[in-house]
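S.K.: Sequence first, predicted model second:
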Amino acid sequence: MTRILGIVGLVSALYAALLLTTPSARDVGNLMDVANLQGQYGIITLGAALVIIVGGIDLSIGSVVGCSAVLFGVTMKSGVHPYAALPLVLAFGATVGLVNGLLITRLKLQAFLVTLCGMFVYRGLARLIGGTVSRTWVTDPRDPTAHPEFDTPIRNLRSGLVGKDFLGELVFPGEFILLIVLALVLGFFLHRTAYGRYWYAIGHNELAAKYAGVNVDRQRVIVYVICSTLASLAGMLLFLNMPSIQADAGGSSWELFAILGAVLGGCSLRGGEGTAIGMVLGAMVMPVVDNFVNLNGMKSDGIPAVIGLTLLLGTIIDELLRRRNAARK
Amino acid sequence: MTRILGIVGLVSALYAALLLTTPSARDVGNLMDVANLQGQYGIITLGAALVIIVGGIDLSIGSVVGCSAVLFGVTMKSGVHPYAALPLVLAFGATVGLVNGLLITRLKLQAFLVTLCGMFVYRGLARLIGGTVSRTWVTDPRDPTAHPEFDTPIRNLRSGLVGKDFLGELVFPGEFILLIVLALVLGFFLHRTAYGRYWYAIGHNELAAKYAGVNVDRQRVIVYVICSTLASLAGMLLFLNMPSIQADAGGSSWELFAILGAVLGGCSLRGGEGTAIGMVLGAMVMPVVDNFVNLNGMKSDGIPAVIGLTLLLGTIIDELLRRRNAARK
Amino acid sequence: GGGNSATNAPNVAGGERPKIAVVTNCTDPFWDLCEAGANKAAKDHNVDLLFRQPEKLDAAIQMPIIEAWVKQGVNGIAVSVIDPKGQEEDLTRIAKKVSLITMDNDAAESTGRLCYVGVDNREAGRAVGRLVKKVLPNGGTIAMFIGNNSSANAIDRSGGVLDELKTPDADGKPGTHPVKKDVTGKYYGKYFLVDGEAKTDGGPGEKAVTNARDVLGRLDGVTDICMIGLYAYNPPAILEAARAKSLVGKIKIVGFDENLETLKSIAAGEIEGTVVQDPFNYGYKSVEILAAVARGDKSKLLGKGQTPYQVITKDGGPDQTINGLLIKFPKAVDFEKKIRDDLASVKK
Amino acid sequence: MPPPRLAIANARKQFPGVLALDGVSLELAPGEVLAVVGENGAGKSTLMKIAAGVYRRDEGTMTLDGEPVEFTTPGDAIAAGVSLIHQELNLAENLTVADNLFLGRERTCGGPLRILDKSTAKARAAELLTRVGLPASRATARVETLPPGEKQLVEIARALGLKVRILIMDEPTSSLTQRETETLYGVIDGLKAEGVSVLYISHRLAEVKRVADRVVVLRDGRNAGELAKHEIDHENMVRLMVGRDLKQFYPKDHRKGGGAPIFQVRDLRYRNGPATPASFDVRAGEILGMAGLVGASRTELAEAVFGVRPLASGTLALNGKALHIRRPQDAIDAGVFLVPEDRRLHGLVVPESVGFNLSLPNLDRLGGLFGTRRTAEAALHANWIDKLRVKTPSARQTVGLLSGGNQQKVVYGKWLARGPKLLILDEPTRGVDVGAKAEIYALIDELAGNGVAVWMITSDMEELLGMSDRVLVMHEGRIAGELTKTQLTEEAVMRLATGGST
Ligand SMILES: Nc1ncnc2c1ncn2[C@@H]1O[C@H](COP(=O)(O)OP(=O)(O)OP(=O)(O)O)[C@@H](O)[C@H]1O
Ligand SMILES: Nc1ncnc2c1ncn2[C@@H]1O[C@H](COP(=O)(O)OP(=O)(O)OP(=O)(O)O)[C@@H](O)[C@H]1O
Ligand SMILES: [Mg+2]
Ligand SMILES: [Mg+2]
């Protein structure tokens, strides 16, 4: 409970600061933009948080996002219908998670190392299969190798998942809604089913779980699969949402945002802690800070420092709150 | 012992592959270049490994490298003599480590979070205090605000620490030698003094160390200070070695290389494990792979994948070797 | 771009300060010059300026910044486009709401962008090719270095160099120049391009030096080498690698952009020359144009292809008209002084 | 005759460097309580882990109700009705008691979704907790908030919840006091009546005598003998375990006792501790016993004195000089040492070597912070391994691989090497075998004889009565009373511990 109080406070404070100091932030369109960005990071935060709960870490998230975005584009360009490409790319994500999970559980390699290698490998893969991909590259009527007939299904996907109308205007925060739906599903598994109990137990004390008859390795693999699948979903959303994706840049260092969101949301990197609602709240922090900085025309040079200090301050206050609460109890 | 065997094998195999397949790699100049790069990464690997041994992590290394490089330049440009600027910047590094350490020990914040914030903050600081710095920017005779009289001391520092002569030609692998010296010092502390014992004890079981009378917090802080100080040294070497440093790019993502080197060298991210010699060997891996890939004219797009796969393969073989060894005993 | 209503009438009242926003494609000293120009114009033309250098060369980072500005109701936006094709649709939508111009890197005219401030990267690349031809008239071995191979300016720039080198000779025709056996590559006219593509380094950093150093290592013993650095930080990185191998003066270096180090080295005769775009002017012009448009004055809009690149060498040369553009050939020392003056004219 | 419930024949298990089991055989009848005893490192836990699917044996056969069985994971064993309560606590402490009770076999609905059925779980948890003597309200507490004794009870409750044919208890009472142990006896009797077979391991021989139908003795990884119900007594067991008679288990009282009070605690309160301040003295050369029920805050009080818990008020004095203790370092500098209750968590750096652990608090005396004198260190290791008869191949052996009793000896070693003035012992012989116990008692006695003040917290009634010169009894955070040697009886202790008066 206390773990959540801190992040609720932080998110509220940031929103208050944003809305009070920056009139232009109050625009509904702007708030929807922010929400969509929160959805975008939130989806990978869910995955990262789950991995963190079982005591692991996944540094390959960003590369999987980029690789999935590129793969989505390349697959469609090669003639696969968007509605078929989507599950294909999800399957790619699941496979990545499976490989990560198997390397970590069967070969007992350190998760940090395996996924760091994955970060290189999938970035490289993205670059090998395609340079820059974009919706127009896939559907450009002027390009004989393209598939103009995919334009409508792609736009349909975009309006359903991202919330942009046919012209690209954001009409509802689709990604945020998607995040909420996914968080509900994940929260259900985490807090209401036996799987969640296993994940918490594994994160805190793997041996205890093992001695209780839990198939620890299988659960670990499942979690890595979920994480990478969510990352590949995020990659496709990125493709749908963004004008274009560069193989060498798309999604890069998103794993840091995901992990940051998870940790801000109350996950401990020691494992065994975290809640679904915390993850969502944790993922909401960065986009608000970012929006604040953008709207206030801050000098580019100062931005990283402002972001870093805000996050640090948030964490410190969170910690102090928690302590006071613990002392009072 | 077994932990070292694996990395010795990996480094030897990589060197063998490099030298046997690539005639141009056999050039002494090339080998010195590689060695210098190994020194460059090795110095921060030592710090990262130490932090990992006490069970922590430092993600701010890369930003501290960049910030120190910029600070070194800016300090000299403002008229401080290079020989005085060097200890000043080291003091800056030590302060960063102190802040990291205090936040982690006193406020009990998670190291990952604190140093991730640090990564943003010090990158921002670097950008705020200066855009691009370079030796010529500091000493340009045509610039009235510059200090041409610093040219000689800077070149002296460069030849002493980096191994480049007055014209910029690499005559001996200074950074590698520096790495060896630092590794010897660190190895002495780690393996021959009480401090080392404390660090291992803390990494394995903080509580047991505390109950044995170890001042856990102080030791932790010391280690973070060492890590950041080494990072600031690496930043100054970068300044001396490179034509110019951009505040937003200098040293960025070096923390990953440092951590990778540490882990390849036998440090476990669970803490309590690692040797000085392992760290040096771990840091030697990447530059060799890089050189191999570069000299063989591999396509740029494929390089990250090759690096990632090589590292993964190395780790897997290392693990299998270790297992076979354990079984044989 | 006459079809949109947003730009037909002045959108600020007489005494009001227009709010103008400029977003680049990444963070770079190159853009610091641009920012200086923009700041100067903001002062000269009484404008509130938002200037943003995004952390990374990534449309996914650039777009949210632009969207936030649109929502905020700025009066004009100048964008350095990252992927013209991909960004086309969004820019079209945005141009309907805000006065939009492109700079440094153009988007299709059909987006409704009011005008483009900047050189044609392909043309500028060709100018680099001509410099290479000048320093190695009999052909030779070349290597190109760049940040990435996927952004529009990179593709155009390196493409321009190779276009120039392979004309008038046919592509792929083996040259007569001797190369080492184990170095692979591809011929463009008389020029042998190591590995057949530009080597990428992912942005400014030590990798730029390592890349150059390793290519020099592979070319050990080869004569008539020209190293081409296509992003601003590449020429100094190449020079550093050449220094470390005592090859300064023995190999030719040709660059792109006006890095101060590059200019100094040209003056010192260590680098042959560079092709510059004058980012200070990009910044100044962009703000000036958008300010005028915001006040209802469209006369400042540039026509097609009005921004010429310049070619900097040690000794300079007379102006020439190339492909319909009047190109200046200033001396390195003069141009360096101009940049210093530009920078000095705006307080940081 | 029905086949034995469990039959293990010729089990062999080799660990790197250690042959833990060398052809051990064992038979267990349905409804039988079989005690397995042996010195530390005899191989008891290893044998049990083989029976429960944690380890795989290298050689040998195993049958369950006459059927050969092969367990590859603990899950297999549990499914076959074999459940092991481990010697070391194995709970997911971040979850609630109820979650732990059903971990791995949750009542779920919704098919593969496996939705938790919370109401049944709650009712069932209440039932199980009551059976081991814990209040039903504990079901919702996070395990990490419980004292070790209660955690142990939770482990027992968990095993009771399984459909077991064989329940293996590896030192279940090591952190239990008299009262909880009595509850456990009741539980075992109930299981027996249901026909469940129990394998029971304990170093408290009085317990073995109370519960066992038969005793199997292991020594050095081999069968060393068997005792039928009527043969079970202290001497027989010790003879088979140790291979000789063990005279004089508790040292004859040659301590002067009542020396001057050298350690004084006055009105001590610590943060988040009980409201009643604590005051007492420990005298030079005496062994001050401290008794109480599980959760009476004895451990907390000792930790407060040792500097682990921040003090709120009160004073400490050693030899008449005020002590200012803010961290363990301060206590250690003054010569006040703690042998903690949980040795794997607080006492030892488990993955490191025996020598590493022996040296850790003594490094400042082994050449200071810069450079450790190797010869001095080696001498220290050799000396204390020898003196305490630590059973280890060498000082380089990983301490976590030693048997429990030998681990405990290493904890003693690291403090004795430093020369204590006041030695606080929290459960001083937890998990230590009889032979080693006798040695440790002799050692404590010798220390006290040399004028060291010993404050001994123990839940082992026999030990309390056998060793103490004087006893303080704690009840719910306060010192409920003091018993002198002449007043010291089991009844008197229990009366005070449960809130009665002297
Ligand atoms: N995983 C392991 N690796 C190596 N050696 C081990 C391992 N587990 C146990 N041993 C060794 O095997 C021997 C038997 O240990 P075991 O734990 O079975 O003894 P025990 O009879 O249970 O002792 P205790 O009464 O102290 O619990 C000991 O020498 C111990 O050090
Ligand atoms: N009835 C209870 N309910 C909840 N917590 C309790 C209860 N009794 C004691 N505790 C907690 O137990 C802790 C005291 O345990 P401590 O370990 O100091 O006692 P102990 O006498 O050493 O018992 P043990 O035999 O378990 O070692 C305190 O944190 C106290 O809050
Ligand atoms: Mg045992
Ligand atoms: Mg206790």
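M.R.: Cool, got the structure. Ligands and ions are numbered 1, 2, ... in the order given.
S.K.: From ligand 1, how far out is A:L103?
M.R.: As judged by CB to the nearest ligand atom, to the nearest Å, A:L103 and ligand 1 stand 25 Å apart. From N, CA and C alone the C-beta is placed, and that goes for glycine too.
S.K.: Contact partners for the residue of the stretch 51-200 of chain A at minimum distance from chain C?
M.R.: Nearest residue of the stretch 51-200 of chain A to chain C: A:S134, at 2.8 Å (CB to the nearest CB). Applying CB atoms under 8 Å, 6 or more residues apart in numbering or on different chains to A:S134 gives the contacts A:73, A:242-245, C:83, C:85-87.
S.K.: how about whichever residue of chain D sits closest to ligand 3, what does it touch?
M.R.: Closest approach between chain D and ligand 3, counting by CB to the ion: D:S45, at 3.0 Å. D:S45 is in contact with D:87, D:170, D:201, D:403-404, counting by CB under 8 Å, 6+ apart.
S.K.: coming back round to it: specify which member of the contacts of A:S134 is nearest to A:I317.
M.R.: A:M242 (33.8 Å; CB to CB).
S.K.: Count the neighbours of the closest one for me.
M.R.: The tally of other residues near A:M242 (other CB atoms under 10 Å in any protein chain shown) stands at 26.
S.K.: Next up, phi/psi of it, please.
M.R.: phi -100, psi 150 (degrees, to the nearest 10).
S.K.: so it touches C:A59, yeah?
M.R.: Yes. Checked against CB atoms under 8 Å, the pair A:M242 and C:A59 is within contact range at 5.6 Å.
S.K.: Need the overlap of contacts for these two.
M.R.: In contact with both A:M242 and C:A59: C:G86, using CB under 8 Å, 6+ apart.
S.K.: quick one: the residue most central in space within chain A and D:E490, what's the gap?
M.R.: For chain A, the residue nearest the mean C-alpha position is A:I44 (1.6 Å; CA atoms, centre = their mean). Distance check for A:I44 against D:E490: by CB to CB, to the nearest Å, it reads 62 Å.
S.K.: Check D:R430 too.
M.R.: In terms of CB to CB, D:R430 sits 20 Å off from D:E490.
S.K.: before we move on, back to that, please report how far the residue of the stretch 51-200 of chain A closest to chain C lies from A:L170.
M.R.: 18 Å.
S.K.: Check A:F189 too.
M.R.: 30 Å.
S.K.: And for A:F150?
M.R.: 22 Å.
S.K.: How about the contacts made by the residue in chain A that ligand 3 sits nearest to?
M.R.: Residue nearest to ligand 3 within chain A (CB to the ion): A:Y211, separated by 14.7 Å. By CB under 8 Å, 6+ apart, A:Y211 lies in contact with D:54, D:74, D:84, D:86, D:90.
S.K.: what about 7 Å?
M.R.: Counting by CB atoms under 7 Å, 6 or more residues apart in numbering or on different chains, A:Y211 touches D:54, D:74, D:86, D:90.
S.K.: How many neighbouring residues does the second one have?
M.R.: Going back to what we said before, that points to D:P74. For D:P74, using other CB under 10 Å, the count is 25.
S.K.: List the residues that contact it.
M.R.: By CB under 7 Å, 6+ apart, the contact set of D:P74 is A:210-211, A:213, D:52-54.
S.K.: Compare the residues you listed and tell me which is most surrounded.
M.R.: A:Y211 leads the contacts of D:P74 on contacts (other CB under 10 Å) with 27 neighbours.
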